[in-house]
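Chemist: what's the 3D shape of this:
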Amino acid sequence: MARKQINSKTPSINAQPRLHQRAGEIQSYGTVNHLLPLELEEPVRLEMTEQLNQLLADTMTLRDLYKKSHWQVAGPTFYQLHLLYDKHYDEQVELVDGIAERIQLLGGVSIAMAADVAETTQIERPPRGREEVPVQLSRLLDAHQVVIREARTLARRASQLGDDGTNDLVVSEVLRTNELQVWFLSEHLVNMPLIEAKEPSVTAA
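Modeler: Numbering: from 1, shown residues only. Purely as a prediction, here's the structure:
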């Protein structure tokens, strides 16, 4: 009985993982895919992805600042702020994902790694150690101010360039979420008595 010949050029299949693989990038950072039928010209998509990446880097930094505050908060308001910080963190996580996906949708490459984010963000870096609650709150509010300023500028520019999808994302999600979080944080910095109300001062006649 004749043996069946095996084509030596046919790749063998086995269960061994192919580890430690490296290759060149399939798309460089700062470029956009030319083939996406989005009815947005390449210069528009290049400008939008660049601005969105800046917004993404700052949103990722704000997200991580919330987690740092969540872990390190101390004092009489520990329980309330511990929960609030984590709630805001979760909301920022959703924004990060939405911004990154918008960049990819426009044909760009989203920033991703912590080292790259640290080089790009405009938000002041906090110390590694623990800080008092008023300082935590102030840092978070300053970070929100950076993001809100960028969001307003980007939303207006996206509208001018006809990028309605980016405008909608930035206004409906990024801007409104950050504005609401600013309100919640700011109320914790109002100097109010906790136990006994202050009596009105009597003015001499």
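
Chemist: how about low-confidence regions in this protein?
Modeler: For the chain, applying pLDDT under 70 flags the ranges 1-11, 202-205.

Chemist: So what touches stretch 24-40?
Modeler: 42, 45-46, 48-50, 105-109, 111, 161-163 (C-beta atoms under 8 Å, 6 or more residues apart in numbering). In short, each C-beta sits where N, CA and C put it, glycine included.

Chemist: Quick check: the two most widely separated of these?
Modeler: Across the contacts of stretch 24-40, the longest distance by C-beta to C-beta is 24.5 Å; it joins 111 and 162.

Chemist: What does residue 120 show for phi and psi?
Modeler: The phi/psi pair for residue 120 (degrees, to the nearest 10) reads phi -100, psi -30.

Chemist: can you tell me the helix or strand for the residue nearest the centre of the chain?
Modeler: By C-alpha atoms, centre = their mean, the mean C-alpha position of the chain lies nearest to residue 59, the distance being 2.8 Å. According to DSSP states H and E, residue 59 maps onto helix 42-72.

Chemist: same question, residue 199
Modeler: Per DSSP H and E, there is no helix or strand for residue 199.

Chemist: Just give me the neighbour total for it.
Modeler: 6 (other C-beta atoms under 10 Å).

Chemist: now swap in residue 193 and tell me
Modeler: Should you count by other C-beta under 10 Å, residue 193 turns out to have 7 residues around it.

Chemist: Which among the contacts of stretch 24-40 count as buried?
Modeler: Listed as buried from those are 45-46, 48-49, 105-109, 111, 161, 163; burial here means 16 or more other C-beta atoms under 10 Å.

Chemist: Which one of the residues you listed is nearest to residue 141?
Modeler: Nearest to residue 141 among the buried ones among the contacts of stretch 24-40, with distances taken as C-beta to C-beta, is residue 111, at 23.9 Å.

Chemist: Residue 119 is in contact with that closest one, correct?
Modeler: No: if you go by C-beta atoms under 8 Å, residue 111 and residue 119 don't touch, sitting 9.3 Å apart.

Chemist: Show the contacting residues for residue 139.
Modeler: Residue 139 neighbours (C-beta under 8 Å, 6+ apart): 65, 69, 124, 126, 131.

Chemist: again, 10 Å this time
Modeler: 62, 65, 68-69, 123-126, 131 (C-beta atoms under 10 Å, 6 or more residues apart in numbering).

Chemist: where exactly do the strands run in this protein?
Modeler: Ranges of strands in the chain, per DSSP state E: none exist.

Chemist: all helices for it, in order.
Modeler: 42-72, 78-105, 114-120, 133-161, 164-169, 176-186 (DSSP state H).

Chemist: Just send these back as CSV, with distance to residue 13 too.
Modeler: Shown next, in CSV, are the helices of the chain (distance: least, C-beta to C-beta, whole Å):
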stretch, distance to residue 13
helix 42-72, 39
helix 78-105, 32
helix 114-120, 37
helix 133-161, 48
helix 164-169, 43
helix 176-186, 48
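
Chemist: Pick the most buried one from these.
Modeler: With neighbours defined as mean count of other C-beta atoms under 10 Å, the helices of the chain peak in mean count at helix 42-72, which reaches a mean of 21.
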